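Asker: can't give you the sequence, but here's the structure:
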(Lines give C-alpha, C1' and ligand atoms only; values in the text may rest on other atoms or scores of the structure.)
Protein backbone atom coordinates (compact mmCIF):
# COMPACT_ATOMS: atom_id res chain seq x y z
CA UNK A 1 0.00 0.00 0.00
CA UNK A 2 1.56 3.26 -1.08
CA UNK A 3 1.82 6.20 1.25
CA UNK A 4 0.18 9.41 0.16
CA UNK A 5 1.18 12.86 1.17
CA UNK A 6 -1.54 15.21 2.31
CA UNK A 7 -1.10 18.75 1.14
CA UNK A 8 -3.49 21.08 2.78
CA UNK A 9 -3.81 24.85 2.89
CA UNK A 10 -1.44 25.08 5.87
CA UNK A 11 1.32 23.21 4.06
CA UNK A 12 0.88 25.34 0.96
CA UNK A 13 1.09 28.46 3.04
CA UNK A 14 4.31 27.33 4.76
CA UNK A 15 5.88 26.44 1.43
CA UNK A 16 5.51 29.98 0.04
CA UNK A 17 8.60 32.19 0.48
CA UNK A 18 8.38 34.89 3.12
CA UNK A 19 7.92 38.30 1.58
CA UNK A 20 7.68 40.33 4.78
CA UNK A 21 9.93 43.40 4.87
CA UNK A 22 12.64 43.33 7.52
CA UNK A 23 12.58 46.35 9.75
CA UNK A 24 15.82 47.64 11.28
CA UNK A 25 16.03 47.61 15.03
CA UNK A 26 16.40 50.87 16.90
CA UNK A 27 19.99 52.09 16.68
CA UNK A 28 20.84 49.83 13.75
CA UNK A 29 22.42 51.71 10.83
CA UNK A 30 21.80 51.09 7.16
CA UNK A 31 24.65 49.97 4.92
CA UNK A 32 25.01 53.42 3.41
CA UNK A 33 25.11 55.13 6.80
CA UNK A 34 27.69 52.62 8.05
CA UNK A 35 29.92 53.22 5.02
CA UNK A 36 29.65 57.00 5.43
CA UNK A 37 30.46 56.78 9.14
CA UNK A 38 33.53 54.58 8.65
CA UNK A 39 34.75 56.75 5.78
CA UNK A 40 34.48 59.85 7.96
CA UNK A 41 36.36 58.14 10.80
CA UNK A 42 39.12 57.01 8.45
CA UNK A 43 39.53 60.51 7.02
CA UNK A 44 39.57 62.07 10.50
CA UNK A 45 42.14 59.51 11.69
CA UNK A 46 44.36 60.19 8.67
CA UNK A 47 44.21 63.94 9.31
CA UNK A 48 45.12 63.43 12.99
CA UNK A 49 48.00 61.03 12.31
CA UNK A 50 49.50 62.82 9.30
CA UNK A 51 51.45 65.53 11.21
CA UNK A 52 53.10 62.93 13.46
CA UNK A 53 54.04 60.69 10.55
CA UNK A 54 55.33 63.68 8.58
CA UNK A 55 57.64 64.75 11.41
CA UNK A 56 58.91 61.17 11.73
CA UNK A 57 59.45 61.03 7.96
CA UNK A 58 61.41 64.32 7.86
CA UNK A 59 63.54 63.31 10.85
CA UNK A 60 64.91 60.34 8.90
CA UNK A 61 66.29 62.48 6.10
CA UNK A 62 69.00 65.12 5.68
CA UNK A 63 68.74 68.60 7.18
CA UNK A 64 67.27 70.00 3.95
CA UNK A 65 64.54 67.36 3.78
CA UNK A 66 61.85 69.81 4.92
CA UNK A 67 62.43 71.79 1.71
CA UNK A 68 62.78 68.75 -0.56
CA UNK A 69 60.90 65.83 1.02
CA UNK A 70 61.72 63.52 -1.89
CA UNK A 71 65.34 63.44 -0.71
CA UNK A 72 64.32 61.48 2.38
CA UNK A 73 63.55 58.40 0.31
CA UNK A 74 67.08 58.38 -1.13
CA UNK A 75 68.90 59.33 2.11
CA UNK A 76 67.13 57.45 4.88
CA UNK A 77 69.19 57.33 8.05
CA UNK A 78 69.45 58.05 11.76
CA UNK A 79 72.01 60.84 11.49
CA UNK A 80 69.71 63.42 13.05
CA UNK A 81 69.05 61.15 16.04
CA UNK A 82 72.76 60.50 16.53
CA UNK A 83 73.48 64.22 16.50
CA UNK A 84 70.70 64.98 18.99
CA UNK A 85 71.67 62.21 21.40
CA UNK A 86 75.47 62.44 21.17
CA UNK A 87 76.34 66.01 20.15
CA UNK A 88 73.76 68.17 21.88
CA UNK A 89 72.47 68.82 25.39
CA UNK A 90 69.43 66.61 24.80
CA UNK A 91 70.41 64.03 27.49
CA UNK A 92 70.71 66.83 30.07
CA UNK A 93 67.36 68.30 29.03
CA UNK A 94 65.83 64.85 29.24
CA UNK A 95 67.09 64.35 32.79
CA UNK A 96 65.77 67.76 33.85
CA UNK A 97 62.36 66.99 32.34
CA UNK A 98 62.17 63.61 34.06
CA UNK A 99 62.88 65.20 37.44
CA UNK A 100 60.41 68.05 36.97
CA UNK A 101 57.66 65.93 35.40
CA UNK A 102 58.03 63.15 37.96
CA UNK A 103 57.87 65.51 40.94
CA UNK A 104 54.98 67.47 39.40
CA UNK A 105 53.04 64.25 38.83
CA UNK A 106 53.58 62.97 42.37
CA UNK A 107 52.83 66.30 44.08
CA UNK A 108 49.95 67.14 41.74
CA UNK A 109 48.21 63.82 42.32
CA UNK A 110 48.66 64.03 46.10
CA UNK A 111 47.38 67.59 46.41
CA UNK A 112 44.56 67.14 43.89
CA UNK A 113 43.33 63.91 45.48
CA UNK A 114 43.43 65.39 48.98
CA UNK A 115 41.63 68.56 47.90
CA UNK A 116 39.06 66.70 45.80
CA UNK A 117 38.28 64.26 48.60
CA UNK A 118 37.99 67.00 51.23
CA UNK A 119 35.62 69.04 49.07
CA UNK A 120 33.56 65.97 48.16
CA UNK A 121 33.13 64.66 51.70
CA UNK A 122 33.51 67.59 54.09
CA UNK A 123 31.73 70.88 54.61
CA UNK A 124 33.81 73.70 56.05
CA UNK A 125 33.91 77.51 55.90
CA UNK A 126 34.98 78.57 52.44
CA UNK A 127 34.08 75.23 50.88
CA UNK A 128 32.26 76.71 47.90
CA UNK A 129 34.71 79.61 47.58
CA UNK A 130 37.62 77.18 47.33
CA UNK A 131 36.05 75.45 44.35
CA UNK A 132 35.40 78.79 42.66
CA UNK A 133 39.02 79.78 43.25
CA UNK A 134 40.14 76.59 41.54
CA UNK A 135 37.90 77.46 38.60
CA UNK A 136 38.94 81.10 38.35
CA UNK A 137 42.65 80.27 38.26
CA UNK A 138 42.04 78.37 35.03
CA UNK A 139 40.73 81.49 33.30
CA UNK A 140 44.04 83.39 33.21
CA UNK A 141 46.42 82.82 30.29
CA UNK A 142 50.00 81.86 31.08
CA UNK A 143 51.43 85.09 29.68
CA UNK A 144 49.54 87.11 32.31
CA UNK A 145 50.88 85.01 35.18
CA UNK A 146 54.57 84.94 34.23
CA UNK A 147 55.46 88.26 35.91
CA UNK A 148 53.66 87.70 39.26
CA UNK A 149 54.91 84.12 39.47
CA UNK A 150 58.44 85.28 38.72
CA UNK A 151 58.24 87.85 41.50
CA UNK A 152 56.97 85.22 43.96
CA UNK A 153 59.72 82.76 43.04
CA UNK A 154 62.34 85.50 43.30
CA UNK A 155 61.17 86.40 46.83
CA UNK A 156 61.33 82.72 47.80
CA UNK A 157 64.74 82.29 46.14
CA UNK A 158 63.35 79.58 43.88
CA UNK A 159 64.35 80.98 40.49
CA UNK A 160 66.26 78.41 38.42
CA UNK A 161 65.41 75.55 40.77
CA UNK A 162 63.50 72.34 40.22
CA UNK A 163 61.31 73.03 43.26
CA UNK A 164 60.22 76.40 41.92
CA UNK A 165 59.28 75.02 38.51
CA UNK A 166 57.41 72.09 40.08
CA UNK A 167 55.35 74.47 42.22
CA UNK A 168 54.56 76.59 39.17
CA UNK A 169 53.39 73.57 37.20
CA UNK A 170 51.24 72.46 40.11
CA UNK A 171 49.39 75.79 39.90
CA UNK A 172 48.32 74.66 36.42
CA UNK A 173 47.58 71.00 37.11
CA UNK A 174 46.03 71.02 40.60
CA UNK A 175 42.92 73.20 39.98
CA UNK A 176 41.72 71.14 37.01
CA UNK A 177 42.58 67.81 38.62
CA UNK A 178 40.91 68.74 41.92
CA UNK A 179 37.68 69.57 40.10
CA UNK A 180 37.81 66.31 38.18
CA UNK A 181 38.59 64.16 41.22
CA UNK A 182 35.88 65.87 43.25
CA UNK A 183 33.35 64.67 40.69
CA UNK A 184 34.87 61.20 40.74
CA UNK A 185 34.81 60.97 44.55
CA UNK A 186 31.14 61.97 44.46
CA UNK A 187 30.41 58.71 42.63
CA UNK A 188 31.93 56.59 45.44
CA UNK A 189 29.26 55.75 48.06
CA UNK A 190 29.63 57.52 51.38
CA UNK A 191 28.78 54.26 53.12
CA UNK A 192 32.37 53.19 52.48
CA UNK A 193 33.62 56.11 54.57
CA UNK A 194 31.16 55.27 57.31
CA UNK A 195 32.29 51.64 57.31
CA UNK A 196 35.89 52.79 57.69
CA UNK A 197 35.02 54.96 60.68
CA UNK A 198 33.14 52.07 62.26
CA UNK A 199 36.29 49.96 61.89
CA UNK A 200 38.27 52.64 63.72
CA UNK A 201 40.06 54.26 60.76
CA UNK A 202 40.99 57.91 60.89
CA UNK A 203 39.75 60.21 58.09
CA UNK A 204 43.15 59.95 56.41
CA UNK A 205 43.19 56.17 56.91
CA UNK A 206 39.77 55.91 55.29
CA UNK A 207 40.93 58.01 52.38
CA UNK A 208 44.22 56.15 51.90
CA UNK A 209 43.12 52.56 52.51
CA UNK A 210 39.55 52.56 51.16
CA UNK A 211 38.96 55.45 48.77
CA UNK A 212 42.27 55.65 46.91
CA UNK A 213 42.12 52.02 45.64
CA UNK A 214 38.60 52.68 44.30
CA UNK A 215 39.68 55.92 42.63
CA UNK A 216 42.44 54.49 40.44
CA UNK A 217 40.83 55.55 37.12
CA UNK A 218 40.49 59.15 38.29
CA UNK A 219 43.99 59.17 39.74
CA UNK A 220 45.36 57.77 36.47
CA UNK A 221 43.85 60.66 34.52
CA UNK A 222 45.18 63.11 37.09
CA UNK A 223 48.68 61.64 36.82
CA UNK A 224 48.57 61.73 33.03
CA UNK A 225 47.43 65.35 32.91
CA UNK A 226 50.02 66.44 35.49
CA UNK A 227 52.77 64.64 33.59
CA UNK A 228 51.85 66.22 30.25
CA UNK A 229 51.62 69.65 31.87
CA UNK A 230 55.23 69.46 33.02
CA UNK A 231 56.58 67.47 30.07
CA UNK A 232 55.51 69.75 27.24
CA UNK A 233 55.30 73.23 28.81
CA UNK A 234 57.60 75.87 27.29
CA UNK A 235 56.84 79.37 28.56
CA UNK A 236 57.47 78.92 32.29
CA UNK A 237 60.52 76.73 31.78
CA UNK A 238 62.08 79.24 29.39
CA UNK A 239 61.52 82.15 31.77
CA UNK A 240 62.26 80.60 35.16
CA UNK A 241 65.15 78.23 34.34
CA UNK A 242 68.65 78.83 33.00
CA UNK A 243 70.18 76.91 30.11
CA UNK A 244 71.77 74.45 32.57
CA UNK A 245 68.33 73.46 33.89
CA UNK A 246 66.29 73.70 30.70
CA UNK A 247 63.67 71.07 30.09
CA UNK A 248 63.13 69.33 26.77
CA UNK A 249 60.39 71.63 25.50
CA UNK A 250 62.48 74.73 26.23
CA UNK A 251 65.83 73.25 25.16
CA UNK A 252 64.60 72.23 21.73
CA UNK A 253 64.34 75.92 20.85
CA UNK A 254 68.13 76.13 20.68
CA UNK A 255 68.03 74.21 17.39
CA UNK A 256 66.48 77.30 15.80
CA UNK A 257 68.03 80.77 15.60
CA UNK A 258 67.05 84.04 13.97
CA UNK A 259 68.99 83.18 10.83
CA UNK A 260 68.62 79.41 10.51
CA UNK A 261 66.69 76.47 11.89
CA UNK A 262 68.05 72.93 12.03
CA UNK A 263 64.83 71.16 11.10
CA UNK A 264 66.46 67.75 11.01
CA UNK A 265 67.52 67.99 14.66
CA UNK A 266 64.25 69.61 15.71
CA UNK A 267 62.12 66.88 14.17
CA UNK A 268 64.33 64.13 15.62
CA UNK A 269 64.14 65.72 19.07
CA UNK A 270 60.36 66.07 18.71
CA UNK A 271 60.01 62.35 18.03
CA UNK A 272 62.19 61.50 21.03
CA UNK A 273 60.19 63.84 23.27
CA UNK A 274 56.93 62.18 22.23
CA UNK A 275 58.08 58.65 23.12
CA UNK A 276 57.88 58.99 26.96
CA UNK A 277 54.48 60.69 26.69
CA UNK A 278 53.23 57.84 24.50
CA UNK A 279 54.54 55.28 27.01
CA UNK A 280 52.74 57.00 29.90
CA UNK A 281 49.57 57.11 27.82
CA UNK A 282 49.77 53.38 27.11
CA UNK A 283 50.19 52.68 30.84
CA UNK A 284 47.06 54.58 31.84
CA UNK A 285 44.86 54.30 28.74
CA UNK A 286 42.55 51.64 30.20
CA UNK A 287 41.62 54.07 32.98
CA UNK A 288 41.27 57.22 30.86
CA UNK A 289 37.70 56.85 29.63
CA UNK A 290 36.40 55.73 33.03
CA UNK A 291 38.26 58.48 34.85
CA UNK A 292 37.14 61.24 32.49
CA UNK A 293 33.46 60.27 32.38
CA UNK A 294 32.79 59.03 35.92
CA UNK A 295 32.34 62.52 37.31
CA UNK A 296 29.51 63.15 34.85
CA UNK A 297 27.47 60.06 35.77
CA UNK A 298 26.43 61.25 39.22
CA UNK A 299 22.67 61.61 39.03
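Answerer: That came through, no problem. These figures come from a predicted structure and were not determined experimentally.
Asker: residues contacting residue 172?
Answerer: 142, 229, 233 (C-beta atoms under 8 Å, 6 or more residues apart in numbering). (Each C-beta comes from the backbone N, C-alpha and C, glycine too.)
Asker: what about the second one, how many residues nearby?
Answerer: A count of nearby residues for residue 229, using other C-beta atoms under 10 Å, gives 22.
Asker: residue numbering should commence at 30 henceforth.
Answerer: Sure thing, new numbering starts at 30, so read that last one as residue 258.
Asker: before we move on, the earlier item: so which of the contacts of residue 201 sit within helices?
Answerer: 171, 258 (DSSP state H).
Asker: where does the stretch 180-328 of the chain dip in pLDDT?
Answerer: 287-288, 318-328 (pLDDT under 70).
Asker: rerun at 80
Answerer: 285-291, 314-328 (pLDDT under 80).
Asker: distance of residue 136 relative to residue 195?
Answerer: If you measure residue 136 against residue 195 using C-beta to C-beta, to the nearest Å, the figure is 6 Å.
Asker: who's more crowded, the two?
Answerer: The residue with more neighbours, out of residue 136 and residue 195, is residue 195; 21 against 18, by other C-beta under 10 Å.
Asker: which of the helices or strands spans that one?
Answerer: helix 191-215 (DSSP states H and E).
Asker: list the buried residues of that helix.
Answerer: Using 16 or more other C-beta atoms under 10 Å as the burial criterion, the residues of helix 191-215 that qualify are 191, 193-199, 201-215.
Asker: of the contacts of residue 201, closest to residue 107?
Answerer: Residue 107 lies nearest to residue 262 out of the contacts of residue 201, by C-beta to C-beta, at 28.3 Å.
Asker: next, count neighbours for that closest one.
Answerer: Residues lying near residue 262 (other C-beta under 10 Å) number 22.
Asker: for the one 4 residues further on, same thing?
Answerer: Around residue 266 there are 24 other residues, counting by other C-beta under 10 Å.
Asker: ok, now how distant is it from residue 187?
Answerer: 14 Å.
Asker: what's the overlap in contacts for those two?
Answerer: When C-beta under 8 Å, 6+ apart defines a contact, no residue borders residue 266 and residue 187 alike.
Asker: in the stretch 180-328 of the chain, which spans are helices?
Answerer: Secondary structure of the stretch 180-328 of the chain (DSSP state H, counting those that start in this stretch): helices at 191-215, 220-227, 232-235, 241-243, 245-261, 264-269, 277-280, 292-322.
Asker: distance to residue 109 for the ones you listed - can I get that in CSV?
Answerer: Output for the helices of the stretch 180-328 of the chain, formatted as CSV (distance: least, C-beta to C-beta, whole Å):
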stretch, distance to residue 109
helix 191-215, 28
helix 220-227, 53
helix 232-235, 51
helix 241-243, 44
helix 245-261, 20
helix 264-269, 23
helix 277-280, 16
helix 292-322, 4
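Asker: out of those helices, nearest to residue 117?
Answerer: Minimum separation from residue 117 across the helices of the stretch 180-328 of the chain (C-beta to C-beta) falls at helix 292-322, 7.0 Å.
Asker: how far does the closest one sit from the chain's center?
Answerer: For helix 292-322, the separation from the chain centroid amounts to 8 Å (computed by C-alpha atoms, centre = their mean, to the nearest Å).
Asker: elements contacting that helix?
Answerer: Helices and strands touching helix 292-322, by 3 or more C-beta pairs under 8 Å, 6 or more residues apart in numbering; DSSP states H and E, are helix 60-88, helix 108-115, helix 119-150, helix 191-215, helix 245-261, helix 277-280.
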